[in-house]
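Peer 1: below are the sequence and a predicted model for it; my questions follow.
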Amino acid sequence: MTHLGDPTPGSDTRLPPRAWLRSDAPVQSLDGDWAFLLHDADPGDDLDGPPPFAAVDADASGWDRIPVPSHWGLRGHGHPTYTNIRYPFPLDPPHVPDANPTGDHRRVFEWHPDFCAGGRTLLRFEGVESLATVWLNGTEIGWFTGSRLMTEFDVTDHLVDGENVLAVRVHQWSAASYLEDQDQWWLPGIFRSVSLQGRPANGLDDVFVRGDRDPATGAGTLDVRPRGGWPVTVRVPELGIDETWADATEVAMLPLDAVDAWTAETPRLYDVEVSTEAETVRLRVGFRRIEIIGDRLLADGRPLIFRGVNRHETDPDRGRVFDEDYVRGELALMRRHNITAIRTAHQPPHPRMLELADELGFWVVLECDLETHGFWDVEWTGNPADDPAWRDACLDRVRRTVERDKNHASVVMWSLGNESGTGRNLAEMAGWIRERDDSRPIHYEGDYGGAYTDVYSRMYPTIEEVASVCGEQTMPVHEIGPAEGARQRAKPFVLCEFAHAMGNGPGSLADYEALVEQYPRLHGGFVWEWRDHGIRTRAADGTEFFAYGGDFGEPVHDGVYLMDGLVLSDGTPSPGLGELAAVWAPVTLEHLGERSWRVRNRQHTLGTDHLELHWRIEDDGIRLTDGIVALPALAPGEEGTVEVPLDGLPDAATERWLTLEVRWRDAPPWGDAGHIVSRAQRPLRAAPPCPPRRGRATWDGDALGEAVFDRRGGLLRWRDLDISGPLPELWRAPTENDQLDGQGSYETADPALTHGRGDESTPASSVRWLERGLDRLQHRVLSVERTDDGLVQRVRSMAAHSAQGIETTFAWRLDGDGLRLHTDIRPFGPWDCTWPRVGARIGLPGALADERVEWFGTGPAESYADSGEAAYVGRFEAAVDDLGVAYGRPQETGHRPGLRALDLGPLHLRAIDAGATGLPGFQLDRHTAQERTGVGHAHELPPSRGLWLYLDAAQHGLGSRACGPDVLPRYALWPRAVSWTVVFG
Ligand code: IPT
């Protein structure tokens, strides 16, 4: 019988959920090579009995082979499908279409009764998407759903001595798919391990272990609740515990006089051994108390601030298949970027990931595998989260989540799921958790009124909303009335998602962090999201690229919306991740005057003794002197001062900077010795003025010394370099945040009408920019005047059928330093929108793109008006192609403000800071901003026509509007007059 339209979670033959334990009971892995056959539809639909493939003697010789664990769509069978909110099948719950890819998996294995003599043998599945029916030796064992959850069956009575045939039919779609509408690829298959688990008679079926520590006294308790045989012995050698309980009546809390705390920064774990005569289970237990007091969330007595990311399990080749080295690498990369919290969006991860989180130190919000987001589009009509028909499935999911992962110190909060509206099933899930584990608060963002959750959680609120919730209460609380609003405001406040890291961005990370500093009620949040979900694919010509929605021909998909991570699909950290690391510095430095700096310890647990302060002084980016000074010993929350020696510095005609770096003295478990956690900078001396020096050359035809101009005033050659331009430019290839309109814009907002928020009816910036033709300026040279030692070209640039534009003066002068270009741009006419950028584009020979570029300016990564915390002034070097970031889709990238000097092969450029005019930013790209616009993937860009140097007085900020607020007014680029000066040396 088919279970496809059954909203219940699975057969009664499933065993009660339990923890994923490390036991000495026998285990036999069934991972490996399986026979596999994919059908377009469920072949068992019309059959009453088990389908023929399940029989012992079924002939699987003509089948394909597939590794378990894997997703068949990533193994050459069918393809992945991406949707965000929408269901890729009709909203007809609990039914799914007949065209339902169905994967038959079959494996023959040896088993002998001595595997677990006298005991039982369980068959365990750790993750199968979405519905599996299991036959052993021709007998149906049961069926189950809950893709990212564990399932076990007792198969002892169905095993035979010798060869056994296990058959698993997996359906891509089932009623359960309605509960799994997370923003990720739909990736069916047996994607986590399958095993036989020996259960010795009188063994330990389950253990629930919690370590509590009284933050005031340092005393603790160990709470061990075994299920299974007796007597049970608990041993913790480090704590001198060796306790035996004859039966359940003797089980008691074990008091401890003193125990070290487990926190994300001090992940102290104790080895705990729980055993019966027949089985020993080993756990690593941490002691900490998570509690809510008033509107504060505390861990071990101190405020728990989430500086976290939403993490999906995603790998460009394996999908959601676990790989320990890969995950360890991810977690270490997080720690190296000052990330100490993870929300397991939006499902339980592989259980081993939680062991790594215990060990490396993360505050984890563990989320149940539940999302019914698509019902949002029908006003939540028929939402399973509120329908009694789905009650069992919802409760089953939360039980399996909590039972599997209950023993982890890192798990500090349970989350009921994501974006499932609200309803009675969610409330019941919360009630069940409270009964089972009252040691961790409950989170669910969709409980707007706070009826059944313990913290107030919001996603993508504006700065104004956060400030209002935490302080001045100038705005109504999101979607609820005053009474519920008051209730919510009395709770700790968490941003379960904020700062949508899609493409180039997010902007304003520092502005959110300032709120966390300002309001004790605000307990931080989780950036959306850790990593892009692109799948490694090849184009027809063999070019490798990372696929997103639609690249597999899915008729319904959500395109590039899953390329929204701080880390690119191939694991490259984006500049957004660097920005986050700077904003989340655990120790901050603030200049107080002269040589004196304020140091603040913002950590939860750690002092400052493992850190030291490295300082250096650079002249024009070249190291003059450096040293190390000790940091004051500061407890968490404390601040002190440090003096940096600045004596005996020579006088020099240079720009001089002091750079401070707080570094780990020894290697942390997730990084190298000298790892930098925080940086600060201060100019000690401005660049000396650089007035033009009279040159000697005069015009000779179109040549002025080594410069050649055309009749219209454009530069054709400088020394040996062919050049074209400059051309005024206002366009940048839109980022996703420019292009999408997740929330309102400030561009046209009337603060009085929008409570200081953006205007939600305003189209995305790039829509406004395109309407006004900023991508297609037409230029008209107004005049070209040759002077003795230069020329002045005036250009008017406007788009077709528009009355506004910019007027640019390019003033060239050959002087003793080289060829000086002073650019002056002024807007005219009725401008009513921001500009993406304001600058000029210069064409260079394409061959220069193969050179390395060295520059003195800001770096090392790109930075923008609202994402500039990580950038610092120095001398940097890179390959031209590494200046830009390979975001999921081509877009604006590589802008570096504050250029002082640039060397690229024979090109030597200096920028002059002439007071009010400021320094330009630069960008080098094989493609123009226009060529980058509207292109789906990098390999679809047209052939390069050269190398383009952009010099910009300014660029518009980034914001987070792909799913969140737009660029804040203070980072917006409104039309204004700008100018800058560069010298071609
Ligand atoms: C929010 C989802 O919770 C998350 O899963 C992801 O889809 C994110 O959006 C966008 O990338 S929900 C949105 C309607 C705010």
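Peer 2: Noted; the coordinates are in hand.
Peer 1: all contacts plus neighbour counts: C-alpha atoms, from now on.
Peer 2: Noted.
Peer 1: look up how far Asp925 lies from Gly449.
Peer 2: Gly449 sits 50 Å away from Asp925, going by C-alpha to C-alpha, to the nearest Å.
Peer 1: do the same with Pro303
Peer 2: To Asp925, Pro303 is 46 Å away according to C-alpha to C-alpha.
Peer 1: which one's more surrounded, those two?
Peer 2: Legend: neighbour count by other C-alpha atoms under 10 Å for Pro303 and Asp925, higher for Asp925 (23 against 18).
Peer 1: so what's that one up against?
Peer 2: Residues near Asp925 by C-alpha atoms under 8 Å, 6 or more residues apart in numbering: 849, 880-881, 884, 947-949.
Peer 1: do that again at 6 Å, thanks
Peer 2: 947-948 (C-alpha atoms under 6 Å, 6 or more residues apart in numbering).
Peer 1: quick one: pLDDT of it?
Peer 2: What the model reports as pLDDT for Asp925 is 98.
Peer 1: what pairs with the closest residue to Arg106 other than its chain neighbours across the strands?
Peer 2: Leaving aside its sequence neighbours, Arg106 sits nearest to Ala167 (C-alpha to C-alpha, 6 or more residues apart in numbering; 4.4 Å). With DSSP bridges as the criterion, Ala167 is bridged to Arg106, Trp135.
Peer 1: what about Ala167, neighbour count?
Peer 2: Neighbour count of Ala167, defined by other C-alpha under 10 Å: 29.
Peer 1: from the ligand, how far out is it?
Peer 2: 34 Å (C-alpha to the nearest ligand atom, to the nearest Å).
Peer 1: repeat for Gly874
Peer 2: In this view, Gly874 and the ligand are 35 Å apart by C-alpha to the nearest ligand atom.
Peer 1: my guess is that residue contacts Gly621, does it?
Peer 2: Yes. The pair Gly874 / Gly621 is scored as a contact, 4.8 Å apart, by C-alpha atoms under 6 Å.
Peer 1: SS state for Asp42?
Peer 2: Put simply, Asp42 is coil when judged by DSSP: H, G, I helix; E, B strand; the rest coil.
Peer 1: dihedrals phi and psi, Pro348?
Peer 2: Backbone torsions for Pro348, taken as degrees, to the nearest 10, come to phi -60, psi 140.
Peer 1: now swap in the one 10 residues further on and tell me
Peer 2: In terms of degrees, to the nearest 10, the main-chain angles of Asp358 are phi -60, psi -40.
Peer 1: now for it, how many residues are close by?
Peer 2: Neighbourhood size, Asp358 [other C-alpha under 10 Å]: 25.
Peer 1: how many other residues sit next to the closest residue to it other than its chain neighbours?
Peer 2: Leaving aside its chain neighbours, Asp358 sits nearest to Ser410 (5.0 Å; criterion: C-alpha to C-alpha, 6+ apart). Neighbourhood size, Ser410 [other C-alpha under 10 Å]: 30.
Peer 1: same question for the one 5 residues further on.
Peer 2: Counted with other C-alpha under 10 Å, the burial measure for Ser415 works out to 28 neighbours.
Peer 1: let's have the chain start at 20 instead
Peer 2: From this message on, residue numbering opens at 20, which makes the last subject Ser434.
Peer 1: those residues of this structure touching the ligand, which are they?
Peer 2: Residues of the chain lying near the ligand by C-alpha under 6 Å from any ligand atom: 103, 201-202, 437-438, 982.
Peer 1: got a list of what the closest residue to the ligand within the chain touches?
Peer 2: Nearest residue of the chain to the ligand, counting by C-alpha to the nearest ligand atom: Asp202, 4.7 Å away. Neighbouring residues of Asp202 by C-alpha under 6 Å, 6+ apart: Asn103.
Peer 1: redo that, cut-off 7 Å
Peer 2: Neighbour list for Asp202: 102-104 [criterion: C-alpha atoms under 7 Å, 6 or more residues apart in numbering].
Peer 1: taking those residues one by one, which sit in strands?
Peer 2: Thr102 (DSSP state E).
Peer 1: could I get the contacts of Asp202 as a markdown table with neighbour count and pLDDT?
Peer 2: Formatted as a markdown table, these follow (neighbours: other C-alpha atoms under 10 Å; pLDDT from 0 to 100):
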| residue | neighbour count | pLDDT |
| --- | --- | --- |
| Thr102 | 25 | 96 |
| Asn103 | 20 | 95 |
| Ile104 | 20 | 94 |
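Peer 1: where in the protein is the helix or strand with the lowest mean pLDDT?
Peer 2: Of all helical and strand segments in the chain, the minimum by mean pLDDT, DSSP states H and E falls on helix 770-773, at a mean of 54.
Peer 1: I'd say Ala566 and Arg557 touch.
Peer 2: No. Contact criterion C-alpha atoms under 7 Å: Ala566 and Arg557 do not qualify, at 8.7 Å.
Peer 1: take the residues of the chain next to the ligand and keep only those in helices.
Peer 2: Among these, no residue falls in helices (DSSP state H).
Peer 1: you'd agree the residue nearest to Arg125 is up against Leu155?
Peer 2: Yes. Counting by C-alpha under 7 Å, Leu155 is a contact partner of Ala186 at 6.3 Å.
Peer 1: quick check: which ranges of this structure have low pLDDT?
Peer 2: Within the chain, the set of residues satisfying pLDDT under 70 comprises 20, 63-78, 761-780, 934-935.
Peer 1: domain map for it?
Peer 2: Following automatic domain parsing, the chain resolves into domains at 41-218, 311-600, 608-704, 718-1003.
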